[in-house]
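Novice: model the structure of this input:
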Amino acid sequence: GSASPGPGSSRAGTGGRVERTLTRRVPLASINWLGDEALSDLPAAGVELRVKVRSTRPPVPARLLPGPGDALPTIELAAAEEGVAPGQACVFYAPHGSRVLGGGWIARGVGTGDPSGRQGG
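Specialist: Now for the predicted structure:
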């Protein structure tokens, strides 16, 4: 006889695969900044910190980039994350230790690429 997939088969999980988008640049709205200097005084090159974009994951290295003009400030993740979506919270932590530096809400436009035109990597 022919062998048919049993109850332990992994075949069932292959039909409805969801494509996940990896994101490195995350625009933010409604930022609450608790850092030592004003958010408007941050250097154009940004400031190093760690961010938590998913409640179930540990904070990861990133850079907070102030928005030029009226543009939204952006988080640039050191390594791309998946499952980042508008409406999620983003918490900022000091690069070392557990000090909270603030947070914001992930805005629309996440995952649409790098507005500067640079390629990641």
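Novice: give the contact list for Ala45.
Specialist: 63, 65 (CB atoms under 8 Å, 6 or more residues apart in numbering). C-beta here means a position set from N, CA and C on the backbone, and glycine is covered the same way.
Novice: so it: helix, strand or coil?
Specialist: Secondary structure, DSSP: H, G, I helix; E, B strand; the rest coil: Ala45 is coil.
Novice: check it and give its pLDDT.
Specialist: pLDDT for Ala45: 93.
Novice: separation between it and Arg108?
Specialist: 25 Å (CB to CB, to the nearest Å).
Novice: Asp70 now?
Specialist: 15 Å.
Novice: can you check Gly35 too?
Specialist: When Gly35 is compared with Arg108 (using CB to CB), they lie 25 Å apart.
Novice: same check, this time on Gly83
Specialist: 16 Å.
Novice: compare the two (neighbour count), which wins?
Specialist: Shown here are Gly83 and Arg108; by other CB atoms under 10 Å, Gly83 has more neighbours (14 against 11).
Novice: just confirm that one contacts Arg54, I think it does.
Specialist: Yes: in this structure, Gly83 is within contact of Arg54 by CB atoms under 8 Å, at 6.2 Å.
Novice: quickly list what Ala29 is bridged to.
Specialist: Note on Ala29: beta-bridge partners by DSSP bridges are Trp105.
Novice: so it sits against Leu72, correct?
Specialist: Yes: the pair Ala29 and Leu72 passes the contact test of CB under 8 Å, sitting 6.0 Å apart.
Novice: tell me which of these two has more neighbours.
Specialist: Legend: neighbour count by other CB under 10 Å for Ala29 and Leu72, higher for Leu72 (17 against 14).
Novice: brilliant, that's me finished.
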